[in-house]
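Undergrad: All I have is the shape, not the residue letters:
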């Protein structure tokens, strides 16, 4: 072997037939370069060495945290609105339950005299119902808008997560001009037209139900007062 090409010597001990032999293995410098270049660099190490890719990764991670915070705040707001709607609905039923009970008691005590003034409790019931129903309707509209924004934020968060994962996997081969693109949802216009009224009725089913109950209470005011 040519000793000029030897830069390192690996000493191995071999056992053959009970005798020990020392074997010197020369390592060529060019072979060391080939071995070092044959092991590819990890994508995360490539990103750490590239200022542009590292900056893009940090910006996307920061944006991911901001979007996640917005999602948490919107979910908390939806829970608060739902709780308010439930409390208003309970107050609606409690008010009319007490109202009809008092009206029935007053009608028994005044006998026929209460029939000429049945419109007074009817107006009181109608005004209270109107305020509660419109308050609930407003809160449901706000909730629907928040739900739409929440869905958009979740879509953006998924797009960001896909881009971050792709950047971590590709390393410096990732295109810096690429931007997170939310997945497109293909829907037929005919399906949207058919589901529109059903979705609207489902979203505002509570105000519709309370309006029908209010009409029934108005009819009960005259019935109880004049019976």
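TA: Nice, thanks for sending it over. Note that the coordinates shown come from a computational prediction; the quantities given were computed from them, not determined experimentally.

Undergrad: what packs against the longest helix along the chain?
TA: Counting residues, the longest helix found in the chain (DSSP state H) is helix 51-110. Applying 3 or more CB pairs under 8 Å, 6 or more residues apart in numbering; DSSP states H and E, we find helix 51-110 packed against helix 43-49, helix 119-170, helix 205-226. For glycine as for every other residue, the C-beta is placed from the backbone atoms N, C-alpha and C.

Undergrad: Identify whichever of the ones you listed lies nearest to residue 64.
TA: Between residue 64 and the helices and strands packed on helix 51-110, the shortest separation by CB to CB is 4.9 Å, and it involves helix 119-170.

Undergrad: next one: stretch 212-221 to chain centre, how far?
TA: 40 Å (CA atoms, centre = their mean, to the nearest Å).

Undergrad: Flag every buried residue along that stretch.
TA: Buried positions in stretch 212-221, judged by neighbour count with 16 or more other CB atoms under 10 Å: 214, 217-218, 220-221.

Undergrad: Not counting residues beside it along the chain, what's closest to residue 60?
TA: residue 164 (5.2 Å; CB to CB, 6 or more residues apart in numbering).

Undergrad: how about that neighbour, what does it touch?
TA: 57, 60-61, 64 (CB atoms under 8 Å, 6 or more residues apart in numbering).

Undergrad: again, only this time at 10 Å
TA: By CB atoms under 10 Å, 6 or more residues apart in numbering, residue 164 lies in contact with 56-57, 60-61, 63-64, 180.

Undergrad: what's the pLDDT at it?
TA: Listed pLDDT for residue 164 reads 86.

Undergrad: And it, how far from residue 206?
TA: Per CB to CB, to the nearest Å, residue 164 is found 41 Å from residue 206.

Undergrad: Likewise for residue 51?
TA: Between residue 51 and residue 206 the computed distance is 55 Å (CB to CB).

Undergrad: Which one of these two is surrounded by more residues?
TA: Using other CB atoms under 10 Å, the more surrounded residue of residue 51 and residue 206 is residue 206, with 17 against 9.

Undergrad: my guess is that one meets residue 85, correct?
TA: Yes - between residue 206 and residue 85 there is a contact under CB atoms under 10 Å: 7.1 Å.
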